Each structure stands twice: as C-alpha cells, then as structure tokens.
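Peer 1: Provided below are the primary sequence and the corresponding predicted coordinates.
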Amino acid sequence: MEWTCRCGAVAAEVDAKGGTRAVCYCPSCRRFAELTGAEASLDPQGGTDLYQVAPEAARITRGADRLAWMRLTEKGPLRWYTTCCNTPFANTLTTPAIPFLTLMSHRFADPEALGPVRARVFRRHATGRVPDDAAGGMWPLYAQFVRRSLRSRLTGGWRRNPLFDDTGRPIAGGALRTD
C-alpha cells in the first residue's frame, strides 16, 4: 500500500499484511502532530492513527533525501517527517537492532485497508471520551510487536530498515526538540 506526503515528493510502499493498527493518545504523539502542522490528522480525542510493521515491510520509493527526524525527549523515539512539506511519516527506536517501525496511517492511500484498530493506547491522555470498540490496550500491541520483532530478527529482515543505513545510522539528520 502506498504512503505519500502532503506534496507528493516522498512516497513509501508498505506491505499491509501482518501489521497492527493502533491509536495512540500520548502527549508526545500529539505534540509531534502539532510541530509538523498535522493537527487535522488527530482523531476527535487527540489520538494518532498508527500502523506498526516490521521495518522490512516498508521501502521508501521516492524522496528519501527529504526525510529528517526529531526527538521530543532525550529517551524518546525518533519521529520521522518530511522536510519538503513537514508531513509526519513514522516512528522508530534509535537503533535498527530492535525492529520497530510505526507509520502514520492518515497518509496511506486507503487507511481503512490497513484493517481495524486493534489497540488504543495511553487512553488516560485522550482529550475526550475514547470510542468503546473492540480495540484493546497495550497488551495486544506488545504481543504483535514481539511476534513481528522475533520473526524479523530470526530471518534477518531487521537489517532491511528503510530509515537506517547498513552501519545502523539513521539515513537522515535530526535533532532533539524540547520546545
């Protein structure tokens, strides 16, 4: 499935099988949306719709040179965005050794094709009443992450992370933002 930024200069292809769709209500996700001018992507309760996959399930097809990252806290994840139009793209950990890639769902060609929301996390930080649906909390998300991570490590797929080079360094520069 294709993901594109607002201006179309950056694109990625993501295998939409085997991922987990989640909504995160944490203040950090909300702040990332605000810093990139993507407040409209938040749901009415302030949640960010995310799609978590193994890194090897994604590849950047256009505009890798237009990506950058920021960290909102010293120990937080790398939050990737496009430099061309400031579109939030993905979250990763600081190392590719732990295979973790979460993409912002709102820029997929058809977010509903990613499947139903399976987890709603950090509900206590929501700005309104979280929908009463079948989505669980952190445990379903953790369980799927562990399953994908183990498979990725065992098959060597973790080495094909589109946001890190062969030496394990991010493909783009970034900075800590505490503003």
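Peer 2: Great, that's in hand. Remember, predicted model here, so these are calculated numbers, not experimental data.

Peer 1: from here on, just use CA atoms for contacts and neighbour counts.
Peer 2: Noted.

Peer 1: is it true that residue 136 touches residue 119?
Peer 2: Yes. In this structure, residue 136 sits in contact with residue 119. The criterion is Cα atoms under 8 Å, and the distance is 4.5 Å.

Peer 1: more neighbours, the two?
Peer 2: Neighbours per residue, other Cα atoms under 10 Å: of residue 136 and residue 119, the larger number sits with residue 119, 22 against 15.

Peer 1: I'd say the more buried one and residue 140 touch.
Peer 2: Yes. Under the contact definition of Cα under 8 Å, residue 119 touches residue 140, with a separation of 6.5 Å.

Peer 1: which helix of the protein spans the most residues?
Peer 2: For the chain, the helix reaching the highest residue count under DSSP state H is reported as helix 138-155.

Peer 1: quick check: buried residues in it?
Peer 2: 138, 140-141, 144-145, 148-150, 152 (16 or more other Cα atoms under 10 Å).

Peer 1: now the two most distant members of these.
Peer 2: 138 and 152 (20.6 Å; Cα to Cα).

Peer 1: helices along the protein, start to end?
Peer 2: 27-35, 138-155.

Peer 1: so where do the strands sit in this structure?
Peer 2: Taking DSSP state E to define them, one finds strands in the chain at 2-4, 11-14, 20-24, 48-53, 58-62, 67-71, 78-82, 88-92, 101-104, 117-121, 174-176.
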